[in-house]
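Engineer: Here is a sequence with its predicted model. Questions after.
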Amino acid sequence: MDNEDWDMSAIYGESASGSSKDTKVMHGKSQVQSSIFSPDSNIVTKVRTIQRPVGKPSNAPLNTSSFTGIGLDADLAKHMEGKLRVTQPTVIQQKAIPVLLGPTLKVGDEIPKSDTDVIIQAETGSGKTLTYLLPILNRLIEAEASPTLDLESKRSIGTVAIIMTPTRELAKQILQVLETLLSMPPSSVTGKKRSHWIVPGIVIGGDKKKSEKARLRKGVNILVGTPGRLLDHLQNTMSFNVQSLRWLVLDEADRLLELGFEETMTSILKILDARVRLVASATNANDTTKVWPQQRQTVLCSATLSDDVQRLAGTSLVDPVYISAKQENSIARGVPGSSAEEDNDKSAPQQFMTPEQLKQLYVIVQAKLRLVTLTTMLKSAFGVTLGSKRPLVQPKMVVFLSSCDSVDFHYDLFAHTGKEKSNAQDGSQDEYFGQSLDGQNQEDGNENDEDMDDSQKRVARAWTDEMYRARRDTERHEAKKARAQLSLKGATLPDVPLFRLHGNLAQHLRTDTYFEFCKSSHGVLFATDVAARGLDLPDVTHIIQYDPPSDLKDYVHRVGRTARLGREGEAMLFLLPSEVKYLELLTAQGLPTQEVSVTSILMKLAPPKSNEYQQPATDIQNSFERYNLQTPENMALARGAYWAFVKSYATHPSSEKHIFHIKNLHLGHIAKSFALREAPSDIPQPKKKSKGSGAGNYEKDETRANRKSQKEREKEERQKPKIVLKRKNDVSEFAVGDYKSLVGPMLKKKKAKK
Ligand SMILES: Nc1ncnc2c1ncn2[C@@H]1O[C@H](COP(=O)(O)OP(=O)(O)OP(=O)(O)O)[C@@H](O)[C@H]1O
């Protein structure tokens, strides 16, 4: 159905689309004010929108089953009902919990005869955390009745379960769920305390190692951690006792096994293999109970499974069973996708799973319109565009960006734009280091040239300069303070709390922001992929992928922050016209997307009964550009974000280079999307920040670049075309320069091999 045909030729406003450019030198560079609309820019295309109905909720609890019915301890089930409001299992819980409870329970026909390694695949938001935590807990509690397990020395048994996650936030979230489950009251039947002896713990980068060591020395029975810190403790904390380890859970397994984490994971597995086996064969001292697995059971889970999992499964899993939420038969032996025939087999496991009820949309936007389109989308969602009403239930949104610097920039921009001084004319009068302070002096009303002699004028000028500097310093100080806050509210989206999350924030800010956003009923979180995996952010209604992910798996995890547990949700993907082929990749993976036209979004800016959206869009863009010009700090954030974007674009995997290639980027328009008025060749690169300063362009743990091995990066370097970008007919005034000048020193150093 065609539902978004607009004839825009009639409504190009003169001021919004005029081609005249205004040039000024500020912040050491020429600033060109150019229009984001031009008569020949064909932003209005006939859009054929395919209306695809969303499916029935696929990750909701089943109303035909109960936890006790699938073998869970009655006290534990009751406790979950009271504490978590969890009463009925989801599909994956119904299928996997009986298997993980072990062969002794004999619930279900398909349960393997002995404990076995397990691979679990289910949609995002389907309750995978409880799927693996509940059976472990259940089996620990069951062991209380075992005469061979000395209750007094249970803590000294050391760590019996390790849960590994790729991000610190996810580790904290899992610990929180674990602690809730462990706060079980005494049994209503026997009156005995349950689970009180089980000690949970966490080891993650960014936290103090010393206190972690102390806790490990005392004994932690279930340990949640990120790979780097876990390996560190395995290598350096002598008192870390894993001799009785029975469960190893790799949550978000595919991410953990990607290049970058792979080496760490291999080392961890080697150490565990050696230590656990050593004791088991020497004394068999830990064979304390029949209800625990006799050997270490490894559980892998994710919504996306990939080649990495197959690689690990081949070496480290013993005859695993595969349990999928979507597959007809509950349980299958072997590793999904490991046989060649499966490639042609339609019943073979799906690599990616998204909730059926999730609405997946995309918009194709020219780079120069990206920022206003995003702004309009946010404004209209919160009901702050002309003629729109605030929705009764305010949305809660996550905007995914490709770099930490980009997150900082957008967070800062939305938090502060609109507060700039009203007399600011394209920033010239607000520029702290500009030539003129006249505007400021007049504003302060301290100077009346006609009534003063020369010396009075000098004193007055010195005095106003002084006051101006003092005010400038105060404003800068306040801006600095504001940047360290957990959330901010700005004039662009009044009363909407804005948050940011990325791997370069100090750990306490990361943690506090995560919990704060969880608690908030509405708001916008600007985040890198650090928020993509596993985070259970309650009530998120919308996801915006402003920068496409570097990996299709991340697409699935990002959109999975909404539409959780049977709820509705909407995800929007931004694509440049040169990236349209990405849709083919999504389609090939069975990910259903539906187009929304950029015009239909921008039209939300038009006054009621009018089609004139270009002027309000231009006003928004100009106010962003003015904000950047206001202070060197603002300028630095924008320039840093621009460079981070360009560099991050260059790290898309080689398999996607035909879609995301830097040579396809219109850099002048990209600069516009960071509200910069400078030519790309003029945009200075940010100075390298000192190591360990907690600042930088990319994610530390979660960077795209980190995911590649040195070898793979070198190979990509060699393959990079030696190109000189030429000015194309339809290319703007800015997009000129050779590859090196565009990409910067990070890539400059390596020479292409012949
Ligand atoms: N059976 C259930 N009934 C009600 N709520 C549940 C049930 N199982 C889990 N939940 C809740 O659903 C939410 C999502 O669970 P969880 O984070 O484990 O999903 P997930 O499948 O691991 O998602 P992701 O793939 O994104 O990590 C949590 O808040 C959890 O408490």
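Structural biologist: Perfect, thanks for sending it.
Engineer: element containing the residue nearest to residue 369 when sequence neighbours are not counted, please.
Structural biologist: Spatial nearest neighbour of residue 369, chain neighbours left out: residue 36 (5.9 Å); criterion: C-beta to C-beta, 6 or more residues apart in numbering. Quick note: C-beta positions are derived from backbone N, CA and C, even for glycine. For residue 36, there is no host helix or strand (DSSP states H and E).
Engineer: With residue 178 instead?
Structural biologist: Per DSSP H and E: helix 168-182 holds residue 178.
Engineer: now that helix: mean pLDDT?
Structural biologist: Average pLDDT, helix 168-182: 95.
Engineer: The residue nearest to residue 369 contacts residue 671, doesn't it?
Structural biologist: No: using C-beta atoms under 8 Å, residue 36 is not in contact with residue 671, being 11.7 Å away.
Engineer: returning to what we had before: now the helix holding residue 178 - C-alpha only, PDB.
Structural biologist: The C-alpha trace of helix 168-182 is given here as PDB (Å, rounded to 0.1, in the frame of the first residue of the first chain):
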ATOM      1  CA  ARG A 168      29.900  -5.700  33.500                       C
ATOM      2  CA  GLU A 169      26.300  -4.400  33.500                       C
ATOM      3  CA  LEU A 170      25.000  -7.800  32.600                       C
ATOM      4  CA  ALA A 171      27.100  -9.500  35.300                       C
ATOM      5  CA  LYS A 172      25.600  -7.100  37.900                       C
ATOM      6  CA  GLN A 173      22.100  -7.800  36.600                       C
ATOM      7  CA  ILE A 174      22.600 -11.500  36.900                       C
ATOM      8  CA  LEU A 175      23.900 -11.100  40.400                       C
ATOM      9  CA  GLN A 176      20.900  -9.100  41.300                       C
ATOM     10  CA  VAL A 177      18.500 -11.800  40.100                       C
ATOM     11  CA  LEU A 178      20.600 -14.400  41.900                       C
ATOM     12  CA  GLU A 179      20.500 -12.500  45.200                       C
ATOM     13  CA  THR A 180      16.700 -12.100  44.800                       C
ATOM     14  CA  LEU A 181      16.300 -15.900  44.300                       C
ATOM     15  CA  LEU A 182      18.600 -16.600  47.300                       C
END
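Engineer: So which residues make contact with the helix or strand following that helix?
Structural biologist: Following helix 168-182 in sequence order, the next helix or strand is strand 200-203 (DSSP H and E). Contacting residues not belonging to strand 200-203 are listed as 171-172, 175, 178-179, 182, 212, 215-216, 220-226, 229-230, 233 [C-beta atoms under 8 Å, 6 or more residues apart in numbering].
Engineer: go again using 7 Å as the cut-off
Structural biologist: 171-172, 175, 178-179, 182, 212, 215, 220, 222-225, 229-230, 233 (C-beta atoms under 7 Å, 6 or more residues apart in numbering).
Engineer: List only buried entries from the residues you listed.
Structural biologist: 171-172, 175, 178, 182, 212, 220, 222-225, 229-230, 233 (16 or more other C-beta atoms under 10 Å).
Engineer: what about stretch 174-187 and the ligand, any contact?
Structural biologist: No: Stretch 174-187 is not in contact with the ligand by C-beta under 6 Å from any ligand atom; minimum separation 6.6 Å.
Engineer: now what about that stretch, what contacts it?
Structural biologist: Counting by C-beta under 7 Å, 6+ apart, residues outside stretch 174-187 touching it are 75-76, 79, 83-84, 129, 133, 137, 163, 165, 192-195, 198, 200, 202, 222, 224, 251.
Engineer: Fine by me, thanks again.
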